[in-house]
Structure formats: structure tokens, C-alpha cells
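**Q** structure of the sequence below:
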Amino acid sequence: MPTSKLVPIGVLSHLSGVPADTIRTWERRYKLLEPQRDAKGRRVYSGEQLARLRLIASLNEHGERVANLAKLSDTQLRQRADLHKQNSEQLLPQEVRVAVMHPTLAQVLPGPIAGLNTHLQILRIPKGGPVPPGTGKVDVVIADLDSLGHDPISLLRRMRLALQPTSLLVTYRYMPRTLREKLQTQPLRLLKGPTAPERIREFVVEHLLADRLRKGQRSPPANRAPRRFTSAQLDSLKTQVSRLDCECPNHVATLVSALLEFEIYSDNCSSESAANEALHQKLSMGTSQARAVMEELLMTLVQAEGLKP
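**A** Sure thing, here's the model as predicted:
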């Protein structure tokens, strides 16, 4: 974008990948940007401000606090970004597993990432699911809204439970406001397209680096309860009919799935303060313990009623 051209906040949001509500919040709290106003009183932004916002958003993904970044000059921000780039080789694995439910990205994303000794291993997920058995855990899930079917939130939850990704990205071209509001409450990133493959690669790198930085800054969770049921087994138990014609196994399996989903969300939730980070660790560990109790009850029901998970 030419530096002399001014754009409204919606365009700035699209070009930077930062939601408009987040931009407004950062402006209000941290004086991050100082937009001009057009003849109608709307916020408008320059190319320099777009570049600054992209830098801050990228550094925030690496775990740096926006409150601190807002005080830095553009030169200082670029220096910090260069430092993160130099450390990338030590933080990123040689192979990144990316599950893709998208009509075209699976063909163009595989291969090395420029400047890094890292390759993307692409695992294709069929349109509308389900996740193929034996796929295992992945680093990132990328799904196109049109590929998610009539109930995208439900399918995204099942994918998150089955694949346990660090990050989940949903690309779209058009979306009803009501659906957008619902998706914004989920632990995922929305990216309006069309989007170049290079931008998708940047997203993968940014989020993996941020996750490794967060995990390197906190103690690994202790006494984490191991899972007793796979996601596929839980899905099966939600609908099976017991020999006693009792719906308790269905309800308990649903509760276990919900606890597992919140546990994964809390464990991967990023935060700008140490206090909130500690709170999310506590939430994750407490949910893990609650899940273990409910899984024990579910196993009792399975054995008592002759079910096959």
C-alpha cells in the first residue's frame, strides 16, 4: 500500500490480520496508533501505521506484551523482529505437521519455508470431515469456511479434539455477521481471503514460534491426567444405545468431550500478563483433574452396560 494512501479500519484489519475490535482496544489502552479522521469522522490509517501494526502483531504472537511494544519506536520494533527471526532456527522443528481442509492450499503449501530449515508436512482432511483415523496430533489446522459444512463450529470442535493443534486458522471470503460473532468466541484465527500462500506460511511460523516461546517461559504442567478415551471413542459413546436403554453414557461422554476441549483451550491460551498465564495453567490443570474423574465414571458405565468405545 502506498505510504500516502489512507485506508479505513476495515481495510487495515484485512491487510494486517488484526481484528478491528482489537485495533480499537489497543488504541484505547496503549495509544498504539494515532489515526487521522476523514470527512465523515472515520478512522483512517497510513501505510507506515500498517507496517507498525504488522510488526507489533507479529511480536505479540511471539509472546511479547502489547503494552511494552507500544512504547517502542518503529526502529526498535524492527530490531526486536530481527532478533526473533535469528532465534527461529532453534525454536522451530524441522518438520511442521499442518492439517488442511481447503480446496487449493494443500497443493501449494508443502515445501521449505524461506530462510528457515523447516518444511511443512501437509495432511489433507476431506471437505466436511471426518478426520481420517490415525492422523495423530498436528501443529496447525487450516480450514476454509466453505469446506466446513452447515455446522462449522461443531466440526471445528471435533477437529480440535482429535488433532489438538497449537493453532487453528479459518479462511473465508464472505461470512454472515452472526456466524462471525460466534466464531470470534472460539480459540481460532479468522483470515479473510483471498490470501497468498506466503501469508499462510507466515501465520504458521508466527504461531508456532509464539507457542514455543510461551512453553519455554513456563514450567511444564505436572500430574497431567492421561486420556482414557480417544476423540473417536467419545464421539461413538455419545450416540451408542446401552443394553439398559440408559442415556447416561451419552451424557457423560459429552461432558468428557467438553472438559477436554476446555483443557486444550486453556493450555494453549496466550496471555499478555504472567498473572493471566498462571490463571490459564490453573484452569487447564483443574479441568484435567475433573476430566479424569468423569472418564473414570464413563469407564464404569461402559463396563456395566456392555458398550464398545
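**Q** for the stretch 51-200 of the chain, just list every one of the helices.
**A** In the stretch 51-200 of the chain, the segments counted as helices under DSSP state H, counting those that start in this stretch are 66-69, 74-91, 105-108, 152-163, 177-183, 197-217.
**Q** and among those, the most buried is which?
**A** helix 152-163 (a mean of 20; mean count of other Cβ atoms under 10 Å). In short, each C-beta sits where N, CA and C put it, glycine included.
**Q** okay, and the beta partners of residue 122?
**A** residue 98 (DSSP bridges).
**Q** show me what contacts it?
**A** Listed by Cβ atoms under 8 Å, 6 or more residues apart in numbering, the contact set of residue 122 reads 98, 100, 106, 109-110.
**Q** cutoff 10 Å now
**A** Contact analysis of residue 122 by Cβ atoms under 10 Å, 6 or more residues apart in numbering lists 96-100, 102, 105-111, 142.
**Q** what pLDDT is listed against it?
**A** pLDDT, residue 122: 85.
**Q** what about it, distance to residue 16?
**A** According to Cβ to Cβ, to the nearest Å, residue 122 stands 26 Å off from residue 16.
**Q** count of neighbours near the nearest residue to residue 143 once chain neighbours are set aside?
**A** Among residues not flanking residue 143 along the chain, residue 101 sits closest, at 4.2 Å (Cβ to Cβ, 6 or more residues apart in numbering). Residue 101: 26 surrounding residues under other Cβ atoms under 10 Å.
**Q** surely residue 101 touches residue 135?
**A** No - using Cβ atoms under 10 Å, residue 101 is not in contact with residue 135, being 11.7 Å away.
**Q** mind listing what's buried along stretch 281-298?
**A** Across stretch 281-298, burial judged by 16 or more other Cβ atoms under 10 Å covers 281, 283-285, 287-288, 290-292, 294-295, 298.
**Q** what does stretch 235-255 give?
**A** Under 16+ other Cβ under 10 Å, the buried positions of stretch 235-255 are 235, 237, 242, 249-250, 252-253, 255.
**Q** and if you look at stretch 56-74?
**A** Buried residues in stretch 56-74, counting neighbours by 16+ other Cβ under 10 Å, are found at 56-64, 66, 69-70, 72.
**Q** circling back to that earlier point, tell me, what's touching residue 101 and residue 135 both at once?
**A** The contact lists of residue 101 and residue 135 share 123-125, 159, where a contact means Cβ under 10 Å, 6+ apart.
**Q** now the two most distant members of the residues you listed.
**A** Across those, no pair lies farther apart than 124 and 159, at 12.9 Å, counting by Cβ to Cβ.
**Q** find the residues that touch each one of these two.
**A** With Cβ under 10 Å, 6+ apart as the test, residue 124 and residue 159 both reach 99, 101, 135.
**Q** count of residues packed around the closest residue in space to residue 53 that isn't next to it in sequence?
**A** Spatial nearest neighbour of residue 53, excluding adjacent residues (Cβ to Cβ, 6+ apart): residue 16 at 4.8 Å. Residues near residue 16, counting by other Cβ under 10 Å, number 22.
**Q** what sits against residue 16?
**A** Contact analysis of residue 16 by Cβ under 10 Å, 6+ apart lists 22-23, 45, 49-58.
**Q** how about residue 60: what's its closest non-neighbour residue?
**A** Distances taken as Cβ to Cβ, 6+ apart place residue 66 nearest to residue 60, at 5.5 Å, with adjacent residues excluded.
**Q** output the lowest mean pLDDT helix or strand found in the chain.
**A** The weakest-scoring helix or strand in the chain, judged by mean pLDDT, DSSP states H and E, is strand 111-112 (a mean of 62).
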